[in-house]
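Novice: Quick one: sequence and predicted model below, then my questions.
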Amino acid sequence: MLSGFMKNLKKENHTSKLASLYPYIKGLPGRGNLKGLTVMFTTLTIILVSLIDWTIIWLPALSYYSIIMVNYLFSKVGRGLVNFRRLNGLTVMEMMINSVGLTIMHLFNMFTKLPIISLSLLSSFTSLATLLRGLVVRVLAEDDLSYSLRYSITISVFLIAPFFASSLNNLLVPMLIGQITGNVLYTFYSSGINYFFRIHGLKPIKLLSAMLAIFLDGKKDSLENLAEKLNTRSDITIDCLVFREAGRRNVEIAFIIPTFHPGPFRDFGSSILPYLIEEKLSSKGVKTVIARGLSDHSKNIISRKDCEFIAEQISNKIINWDSNYSRRIGLTKVLKYGSATASLIPVGDTTLVVLTLHPKGMEDIPPLLMDGIKRDDIIVVDAHNSFSEDVKELDGDGFRDIRNVLAIASEIIIEKNSQILAGYGENMIEGYGLEDGIGPLGIRVLIFKNENYSTALIVLDSNNAVPEIRERILEDAKNLGIDYCEVLTTDTHIVNGIKLGGRGYHPLGEVIPIEVVSSSVVQALKRAMLNLKEMEVSRVSTTFRSVKVMSNEFLEEASEKTFKSLKLFYITTLLTLITSGLITLSLL
């Protein structure tokens, strides 16, 4: 039976493949419009061209410096992500590649007597620079082929113009061939992948441009409009434990465990949903603690409207809930199986089962973990509290251990024979924010007390945490007299994609010192302990049908076709270099 689960798990982990490409989304360092950097590398190219004839240095200078004005004029047209800085950055990269080609040509001429070979190499480098120029501009221009062609051809004209001078005329053919080859092949490649590699009917360049709009400019409209065309849907369940003071009607605390995934990145899709829910509940005086249920990236909600609707419905239901309350609680029980730990916390008519692999690295626990386990009175919580650079997805051993410990937990009934005492506390980690790995909800603490036995759940608004965070917090909680404590993260993806390059986010404790996190948690714990009072609790469970999500089918197709497109890009790059060089050799 487990072999079937492992097979399905392996099939569904396409997100880690796509995420592996994130480090390649980078920009040039520096501020402003990069005019200084553009002038510097343009000047280097002018000097390398003018080594042939210093008397006409003014000609390449006039032509190449004019490209900066071309960049300015095209940036004013206003296409997608195109701006003056990005066009200048592209010019810097192109001048660097052309400079390498010119340097190799001069060195080849100096040490060999094969000028034709050196010219063919120059042509190859020129074609490579032109290919990249066209592709990048087409992506920045939101797949506007007409715009990218006009820009690329204009730049090509300015780069070729100086070589009509008689003293530079020997470079005209390789430069002309390089520019033509690069422009032709970028057009064929970009148009080809748009036609043959559509992802659920979406053009890949259009999709890439829409994603970059979020990463680079924080604009979500393009991706939301594209995502609305997807017809993949899923049911989303949100479980809540709502607490109110014994004998009163108003809900005071809501502990929310959703099965949507808090992603995919920044404030796009369901990344923003926990904060919408918290905002609506806090405006009604309800303290909110949001943990993580069983989900993966196939449960990313797409539509902002769906998120707003869900937040509204959940908040209204919680605020108006007035049935099935219980005042009973049982002793927390801890189970272990292999590397997995399950904390069973019996509260009211529900048993929370909190799962962790700490100190082993852990990632998303998928919903298929529950297949075959039938017990309606448990809510499974993914602690998501142990980050490892070596773990990109839940591996077979980790899944098997979690599955087995959950199966054991599902057979255990814990007697609930004490009056619930519950307390809430919160705190922020001052001086740190999204770029450092901490979300707007900061630290939320929920404490349950069963006579003389206390259990604390500490929820950190972060995308995972280094293992030392849990170790330190458990020690701090013990010193405060807490009998049992578990540390959870929300797995928020609002911290993802804030900075370009690298992993794309920081797990808690990587940038923020562990001591800073620890002291902030201790303050929140103390506040929760002071707020302990007799409570009654009820479970509120809501299922939203056919919510538009990024399904496994979409992620699988996106992963498969993205890497096919990359392979084709490498082939096109090689073809560009070879074709331009061979044509130059045949004509000289």
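Specialist: Cool, the structure landed. Worth saying up front: this structure is predicted, and the values here are computed from it rather than measured.

Novice: I'd like to know how far the nearest residue to residue 462 once chain neighbours are set aside sits from residue 489.
Specialist: Leaving aside its chain neighbours, residue 462 sits nearest to residue 508 (3.8 Å; criterion: CB to CB, 6 or more residues apart in numbering). From N, CA and C alone the C-beta is placed, and that goes for glycine too. Separation of residue 508 from residue 489 (CB to CB, to the nearest Å): 7 Å.

Novice: now residue 167
Specialist: Going from residue 167 to residue 489 by CB to CB gives 66 Å.

Novice: Neighbour count: the two, which is higher?
Specialist: Neighbours around residue 167 and residue 489, counted as other CB atoms under 10 Å, are more numerous at residue 489. The numbers are 27 against 15.

Novice: give me every residue that touches the more buried one.
Specialist: Each residue near residue 489 by CB atoms under 8 Å, 6 or more residues apart in numbering is listed here: 292, 383, 384, 385, 459, 460, 461, 462, 463, 464, 465, 508.

Novice: Model confidence score at the fourth one, please.
Specialist: According to the per-residue confidence, residue 385 scores 96 in pLDDT.

Novice: Next, work out how far apart it and residue 535 are.
Specialist: 26 Å.

Novice: And the first one, by the same measure?
Specialist: Residue 292 is 23 Å from residue 535, where distance means CB to CB.

Novice: in the stretch 451-588 of the chain, which spans are helices?
Specialist: All helices of the stretch 451-588 of the chain, identified by DSSP state H, counting those that start in this stretch, fall at 467-479, 514-530, 552-587.

Novice: how about those helices in a markdown table, adding mean pLDDT and mean neighbour count?
Specialist: What follows is the helices of the stretch 451-588 of the chain, written out as a markdown table (pLDDT from 0 to 100; neighbours: other CB atoms under 10 Å):
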| stretch | mean pLDDT | mean neighbour count |
| --- | --- | --- |
| helix 467-479 | 97 | 18 |
| helix 514-530 | 97 | 18 |
| helix 552-587 | 89 | 17 |
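
Novice: closest to residue 421 out of those helices?
Specialist: Proximity to residue 421 (CB to CB) singles out helix 514-530 among the helices of the stretch 451-588 of the chain, at 10.2 Å.

Novice: and the closest one, what other elements does it pack with?
Specialist: strand 418-427, strand 443-450, strand 453-460, helix 467-479 (3 or more CB pairs under 8 Å, 6 or more residues apart in numbering; DSSP states H and E).

Novice: Who are the packing partners of the longest one?
Specialist: Contact analysis of helix 467-479 by 3+ CB pairs under 8 Å, 6+ apart lists strand 453-460, strand 484-489, helix 514-530 as its packing neighbours.

Novice: quick one: which of these is nearest residue 285?
Specialist: Taking CB to CB, helix 514-530 is the member of those nearest to residue 285, at 16.8 Å.

Novice: Please state the mean pLDDT value computed over stretch 348-357.
Specialist: Over the span of stretch 348-357, the pLDDT mean works out to 96.

Novice: Which positions in it come out as buried?
Specialist: Neighbour counts over stretch 348-357 (16 or more other CB atoms under 10 Å) mark 348, 349, 350, 351, 352, 353, 354, 355, 356, 357 as buried.

Novice: just stretch 100-119 next, same as before
Specialist: Neighbour count says stretch 100-119 has 100, 101, 102, 105, 108, 109, 117, 118, 119 buried, by 16+ other CB under 10 Å.

Novice: Now go through these and say which are in helices.
Specialist: 100, 101, 102, 105, 108, 109, 117, 118, 119 (DSSP state H).

Novice: In CSV, list those along with pLDDT and distance to residue 287.
Specialist: What follows is these, written out as CSV (pLDDT from 0 to 100; distance: CB to CB, whole Å):
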residue, pLDDT, distance to residue 287
100, 95, 60
101, 94, 64
102, 93, 66
105, 91, 70
108, 85, 72
109, 84, 75
117, 90, 74
118, 90, 73
119, 92, 73
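
Novice: tell me which of those is nearest to residue 245?
Specialist: Using CB to CB, those come closest to residue 245 at residue 100, 72.1 Å.

Novice: thought the closest one was touching residue 124?
Specialist: No. In this structure residue 100 lies outside contact range of residue 124 using CB atoms under 8 Å: 10.7 Å.

Novice: got any residues that touch both of residue 508 and residue 489?
Specialist: Taking CB under 8 Å, 6+ apart as the contact rule, residue 508 and residue 489 both touch 460, 462, 463, 464, 465.

Novice: Quick check: phi and psi on the second one?
Specialist: Torsion angles at residue 462 (phi, psi; degrees, to the nearest 10) stand at phi -150, psi 170.

Novice: what stretches of the stretch 401-550 of the chain score poorly on pLDDT?
Specialist: Applying pLDDT under 70 to the stretch 401-550 of the chain picks out residues 500-501.

Novice: cutoff 80 now
Specialist: Flagging of the stretch 401-550 of the chain using pLDDT under 80 yields the residue ranges 451, 499-503.

Novice: Show the contacting residues for the nearest residue to residue 492 once chain neighbours are set aside.
Specialist: Nearest residue to residue 492 in three dimensions, chain neighbours excluded: residue 439, at 4.4 Å (CB to CB, 6+ apart). Residue 439 makes contact with 275, 461, 462, 490, 492, 494, 495, according to CB under 8 Å, 6+ apart.

Novice: ok so, going back, quick one: which of residue 385 and residue 535 has more around it?
Specialist: When residue 385 and residue 535 are compared for neighbours, residue 385 comes out ahead with 31 against 27, by other CB under 10 Å.

Novice: Sticking with the more buried one, tell me its helix or strand.
Specialist: Following DSSP states H and E, there is no helix or strand that holds residue 385.

Novice: how about residue 257, secondary structure?
Specialist: Three-state assignment for residue 257 (DSSP: H, G, I helix; E, B strand; the rest coil): strand.
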